[in-house]
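[1] okay, here's the prediction I keep looking at, along with the sequence it came from:
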Amino acid sequence: MLDEMKKKIDEDESWGQGSMHILTNKGLFPISVLKAAEKAKATAHSKQLKEDSLWLSTNDLVPYPFEASTLLELKDNCSYFDSCVKQIAKDVMGQGWRLELKEGKKENNAEKDQILEFIENSGGDRDETFEETLERGLIDWGLIGWWGWEVSRDNKGLVNGLWHVPAQTFYIHKDKDKYCQKRGQKEAWFKRFGLEENIALKDGKDVDDKKIKEEKDLEDDTKKTELANELIYYRNYYPQSEYYGAPNILPSVGAVLGLIGVRDYNLAFFENYGIPAALIILKGRWSKDTAKQISDFIDVELKGTEQSHKTFCIHPNKDSTFEYVKLGIEVKEGSFKLYRKGLQEEILVCYKMPPYRIGVAEVGALGVNVAGESTKIYAQSVITPLEEVVERLVTKKLFQEGLKADSYVFQLNELNLQDLDAEAARDNIYFGIGALTSNQILKHQGKEGYPEGNQYFVGSSFLPVGEEPMEKQEAVLEAVGMIVKGQPKLAAEIIKIAKREAKK
């Protein structure tokens, strides 16, 4: 019957005149509300086939596409990998942030104070600032490929807390509406941010409103079902998984392992006190146990820096001798230098990281211009996209949906790409040809000028423009002569006279 009434409303335009309502089994509603509800039901949805996966146990949790804990171990053993991940997070969050008024909106002090109070107290009882939470998520993005932010709400339904959830500790439920954090045998569940239905913190099962109302008046809080918090999830797209992301380093895990191998080889070499791989060839008449005794002595008594400066003496008889042969240590060392250099560059390429940003001094082929261009590429292809993601999530999820505050947007300050050395060299050239004054240069640097700083200068002696070249040259030469003779005051007087003559 309800469908027939809606059809009649749509066909007969006269029904749209005046104020009209529809009586349903749930009450009386305006036609506009009914049509809006019908429109909401017609939202777009995909009909693609879902990814098949092996679910974990009985909880329908999707396994990781790779072993996340292995990446943690690699990071702890490779300075290049570790530095790239942390530097990206610092470059995104380390420049500071600000609140910008949204276009078309007026200043709203109440909303601004509400946002600032949330940011100030978002860590709750945990020692974790708002900025640290965002930065830790970015570190997870670079290290593992996804991040999670836990969000809590107050009794009014407004967000009041934000915390970082380590990426390697939580799994995604197959319906993508729930997440489960695992630490040992313990579990904690979260629901997708914005999901209206409630789930239990302990087991992730649905909790209906009726049960919540029944438990509301219980005096013993331990008997109440503890509800799960929400989780904001973001991933670095990975074609191999519909649920999880992947870090940029994944294709170059071999390079990380190679660097670790080079490090371990060199460490073993120095622990051996620089004794290279070698052959000791015994010739002549030796006792049966001599070879083993020599080998044991070298392995035990000579290895390690604490055994340095020990002397190894062999006393063969007249019919015996031995030969000590190194096994190509120079070739290995030279090969390792080239090999190590290539591995380091491969890791930098994964994150588009300019070497100097992680403390690597490049000389020769990498000049100032190349460094500047590589920094621009890094900022435009890595830093700026990540800034936009963080800004969008904070503004849309936390401010608009979480605090119901839509007058302001969250903005991260951009990475400073200013090359001070190049600018100083350029200003020096322009100053020397009379194109810039001292005050113009100071203004560009954000500094105040001085009364005499508006004069233009040219030439190596920086005398005022307008003076005749010959007069300028003669006055300068005469002044230099006075200085050589030990009469600087007279030299200064000659320059003053020359300047006075030039103004006439």
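    That came in fine, so what should we check first?
[2] okay, buried residues for the helix or strand encompassing residue 134 please.
    In this assignment (DSSP states H and E), residue 134 forms part of helix 130-143. Along helix 130-143, these residues count as buried under the neighbour rule (16 or more other Cβ atoms under 10 Å): 130, 133-143. For glycine as for every other residue, the C-beta is placed from the backbone atoms N, C-alpha and C.
[3] out of these, which comes closest to residue 185?
    residue 140 (23.4 Å; Cβ to Cβ).
[4] mind checking how far that closest one is from residue 75?
    Going from residue 140 to residue 75 by Cβ to Cβ, to the nearest Å gives 11 Å.
[5] mind listing what residue 399 touches?
    115, 405-406, 408-410 (Cβ atoms under 8 Å, 6 or more residues apart in numbering).
[6] so what secondary structure elements neighbour the helix holding residue 134?
    Packing contacts for helix 130-143, counted by 3 or more Cβ pairs under 8 Å, 6 or more residues apart in numbering; DSSP states H and E, involve helix 68-76, helix 79-93, strand 146-153, strand 159-165, helix 384-393.
[7] distance to residue 351, mean neighbour count and mean pLDDT for these - can I get that in JSON lines?
    Putting the helices and strands packed on helix 130-143 into JSON lines (distance: least, Cβ to Cβ, whole Å; neighbours: other Cβ atoms under 10 Å; pLDDT from 0 to 100) gives the following:
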{"stretch": "helix 68-76", "distance to residue 351": "13", "mean neighbour count": "16", "mean pLDDT": "94"}
{"stretch": "helix 79-93", "distance to residue 351": "4", "mean neighbour count": "21", "mean pLDDT": "95"}
{"stretch": "strand 146-153", "distance to residue 351": "16", "mean neighbour count": "21", "mean pLDDT": "97"}
{"stretch": "strand 159-165", "distance to residue 351": "21", "mean neighbour count": "21", "mean pLDDT": "96"}
{"stretch": "helix 384-393", "distance to residue 351": "11", "mean neighbour count": "16", "mean pLDDT": "96"}
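[8] which of those sits closest to residue 254?
    helix 68-76 (10.7 Å).
[9] would you put the C-alpha positions of stretch 237-255 in CSV?
    Output in CSV follows, covering the C-alpha atoms of stretch 237-255 (Å, rounded to 0.1, in the frame of the first residue of the first chain):
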residue,chain,number,x,y,z
TYR,A,237,47.6,0.6,-1.8
TYR,A,238,48.9,-2.9,-2.5
PRO,A,239,47.5,-4.8,-5.6
GLN,A,240,48.2,-8.1,-3.9
SER,A,241,45.7,-7.4,-1.1
GLU,A,242,42.2,-6.0,-0.9
TYR,A,243,42.6,-5.4,2.9
TYR,A,244,46.2,-4.4,3.7
GLY,A,245,48.8,-2.1,2.2
ALA,A,246,52.5,-2.5,1.7
PRO,A,247,55.5,-0.3,2.3
ASN,A,248,57.6,1.1,-0.5
ILE,A,249,60.6,-0.9,0.6
LEU,A,250,58.9,-4.2,-0.1
PRO,A,251,60.4,-4.7,-3.6
SER,A,252,63.9,-3.9,-2.2
VAL,A,253,63.9,-6.1,0.8
GLY,A,254,66.8,-7.9,-0.9
ALA,A,255,68.8,-4.6,-0.8
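[10] so where's the stretch 201-350 of the chain uncertain?
    219, 221, 269-279, 298-319, 324, 326-335 (pLDDT under 70).
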